[in-house]
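Return a 3D structure for these sequence lines:
(chains A and B)
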Amino acid sequence: DSGVTQTPKHLITATGQRVTLRCSPRSGDLSVYWYQQSLDQGLQFLIQYYNGEERAKGNILERFSAQQFPDLHSELNLSSLELGDSALYFCASSSSGQETQYFGPGTRLLVL
Amino acid sequence: AQTVTQSQPEMSVQEAETVTLSCTYDTSESDYYLFWYKQPPSRQMILVIRQEAYKQQNATENRFSVNFQKAAKSFSLKISDSQLGDAAMYFCAYRSEYNFNKFYFGSGTKLNVKP
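Okay, the predicted model is just below:
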């Protein structure tokens, strides 16, 4: 157990809908990262937050957005969902100055 | 930008034998960190081992060890006494000392372990 929690574990929805994925980092970790992993693919970095502020953006679509709250949990919002958005979404956290990322169990999203 | 390359999409090893997974990376930086993550069928991402570029000594974690060749920009993972539970996708990752906001992952190597 990495100490990073993600909810829900599974999510099934329809095209055009909007969903919110939630992540709670390890205790004391200030950084949260979001990744997308499509079937049999590597990890695509989406976005990173540090202590409530956006720090880096990767290949994140405009239909996607994220935020980190004062209690350091983070949410990834996916809107106008398409079939191709079906994937495993990982959250990872690291502490300030700590180079290692610890991953949550992921949220498996299926768009029908 | 940094890139991480895993040239072996899939490999197989007999149980109890040794296997080496390859990883190369491209960077102009002198200080960085390298990682191997394991992703079993459960798809949980598990940290296997990490290496600081400033350390000459290769990292070791039980049956897992790395061969870090800084000049060659190579970072291979050796798994000794392979076990059935080692079957997984293995991802190599790079993180800059100067820009810690991003991790760069390779495309992964699927390791099969034969009984």
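
Please count neighbours and contacts with C-alpha atoms only from this point.
Fine.

Determine whether any part of stretch A:20-29 lies close to chain B.
No - using Cα under 8 Å from any Cα of the partner chain, stretch A:20-29 stays clear of chain B, coming no nearer than 13.8 Å.

Show me the residue sitting in the middle of the chain in space.
As the question left the chain open, I've gone with chain A. Nearest residue to the geometric centre of chain A (Cα atoms, centre = their mean): A:Trp34, 3.5 Å.

oops, chain B please
In chain B, the residue lying closest to the centroid (Cα atoms, centre = their mean) is B:Trp36, at 3.4 Å.

which other helices and strands contact the helix or strand of chain B with the lowest mean pLDDT?
Of the helices and strands making up chain B, the lowest-confidence element is strand B:103-105, at a mean of 85, by mean pLDDT, DSSP states H and E. Secondary-structure packing of strand B:103-105 (3 or more Cα pairs under 8 Å, 6 or more residues apart in numbering or on different chains; DSSP states H and E): strand B:3-5, strand B:88-96.

picking up where we left off before, please name the spatially closest residue to the residue nearest to the centre of chain B (chain neighbours excluded).
Once flanking residues are discounted, B:Trp36 sits nearest to B:Cys92: 4.6 Å by Cα to Cα, 6 or more residues apart in numbering or on different chains.

and the one you found, how many residues sit next to it?
Under the neighbour criterion other Cα atoms under 10 Å in any protein chain shown, B:Cys92 is assigned a count of 29.

Could you tell me which residues make contact with it?
By Cα atoms under 8 Å, 6 or more residues apart in numbering or on different chains, the contact list for B:Cys92 reads B:4, B:6, B:23, B:34-37, B:105-106, B:108.
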